[in-house]
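S.K.: With the sequence up front, the predicted model follows.
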Amino acid sequence: GDGLPALGEHTAAERIAYRIPDLAAAKERARYAGGRTAVVGSGHSALTALVALAGLAEQAPGTCAVWVLRRGEVGDAFGGGAYDRLAARGALGERAKKAVEAGYIDAVTGFRTAEVRRAEGGAVLVDDGGRALDPVDEVVALTGFRPDLAPLSEIRLGLDATLQAPVALAPLIDPNVHSCGTVYPHGAAELSHPEPGFYLAGMKSYGRAPTFLALTGYEQVRSIAAEIAGDAESAARVELTLPETGVCKGTGLADVSESQAEAEGGCCGGGAEPVELTRPALPLLK
């Protein structure tokens with residue numbers, strides 16, 4: 001719950017996965033089929049894993065999932081549904097909601113994992129209040145991410161202390177202010193580092209911010225390629241049109257009623273048209 005490894009987590013490592021299971025692969029399918037899996041996390045990665053396990057449960061009797069959330073209630077974890085201007089993301093939340101309603105998934109809320117105990121053929125999760133869940137065969141921990149910077153230990157990086165994103169980029173993607181649809185266009189200038197000729201692009205450039213879209217990455221790479229090729233004018237001309245997916249401010253929808261959140265499309269819903277965003281003035285980049 002505090003972002004550090006839980007007691008016993010390393011000891012039970014063979015029972016814990018930190019990525020979405022690839023159930024199309026025979027080996028992973030066999031690992032989860034017919035078993036009880038705890039999926040920890042409330043983001044879209046967790047929803048993707050839950051939907052996949054629910055689909056497996058329809059084909060492999062005995063397969064079930066326990067959805068472990070730190071938040072006190074499920075609330076808006078399913079997202080904006082039909083209101084989400086990223087249609088596939090909205091549909092994902094709807095499928096996860098139906099899987100819970102169908103009984104393939106049990107939700108456990110208010111659970112901050114503090115310990116992982118080894119059990120006969122599985123593991124037991126224990127929260128910081130001493131509450132222990134029933135044993136599970138596998139744990140899928142999808143509780144956020146941060147870039148692996150170990151390969152860059154000899155590179156001079158300029159990273160924001162909070163987001164671990166490039167210093168000039170961090171204020172433009174702060175998830176307390178921006179959703180994925182309101183991140184300003186940016187390119188080589190914002191993605192550069194003190195190390196000459198070195199750039200971070202793509203998901204890794206966002207550090208711990210969960211608002212990256214592939215469309216943003218394509219424009220990043222185009223700008224960097226232009227800069228490397230010596231076309232400074234093209235590198236500086238960053239243009240981007242993204243689907244309007246709302247703005248997540250502060251703590252999100254904690255103070256918004258459920259009906260209001262649904263009407264507004266949740267944290268990343270609303271907005272009927274794509275939005276063209278203008279790059280901020282250059283002084284932000286200094």
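M.R.: Looks like it arrived, so ask away. Numbering: from 1, shown residues only.
S.K.: Let me see the ranges of the helices in the stretch 101-250 of the chain.
M.R.: 170-173, 188-191, 214-228, 232-236 (DSSP state H, counting those that start in this stretch).
S.K.: Quick one: closest of these to residue 126.
M.R.: When those are compared by C-beta to C-beta, helix 170-173 sits nearest residue 126, at 35.1 Å. Just so you know, the C-beta spots here come from the backbone N, C-alpha and C atoms, and that holds for glycine as well.
S.K.: Tell me the pLDDT of the spatially most central residue of the chain.
M.R.: For the chain, the residue nearest the mean C-alpha position is residue 210 (4.9 Å; C-alpha atoms, centre = their mean). Here, the pLDDT recorded for residue 210 equals 83.
S.K.: thinking again about what came up before, would you format the helices of the stretch 101-250 of the chain as a markdown table with mean pLDDT, mean neighbour count and distance to residue 23 included?
M.R.: Below are the helices of the stretch 101-250 of the chain laid out as a markdown table (pLDDT from 0 to 100; neighbours: other C-beta atoms under 10 Å; distance: least, C-beta to C-beta, whole Å):
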| stretch | mean pLDDT | mean neighbour count | distance to residue 23 |
| --- | --- | --- | --- |
| helix 170-173 | 92 | 22 | 32 |
| helix 188-191 | 96 | 23 | 35 |
| helix 214-228 | 94 | 18 | 23 |
| helix 232-236 | 94 | 14 | 42 |
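S.K.: Nearest to residue 93, out of those helices?
M.R.: Nearest of the helices of the stretch 101-250 of the chain (C-beta to C-beta): helix 214-228, 19.1 Å.
S.K.: And the contacts of the closest one?
M.R.: Helix 214-228 is contacted by residues 180, 183, 185-188, 191, 197, 199, 201-203, 205, 232, 234-236, 238-240, 242 when judged by C-beta atoms under 8 Å, 6 or more residues apart in numbering.
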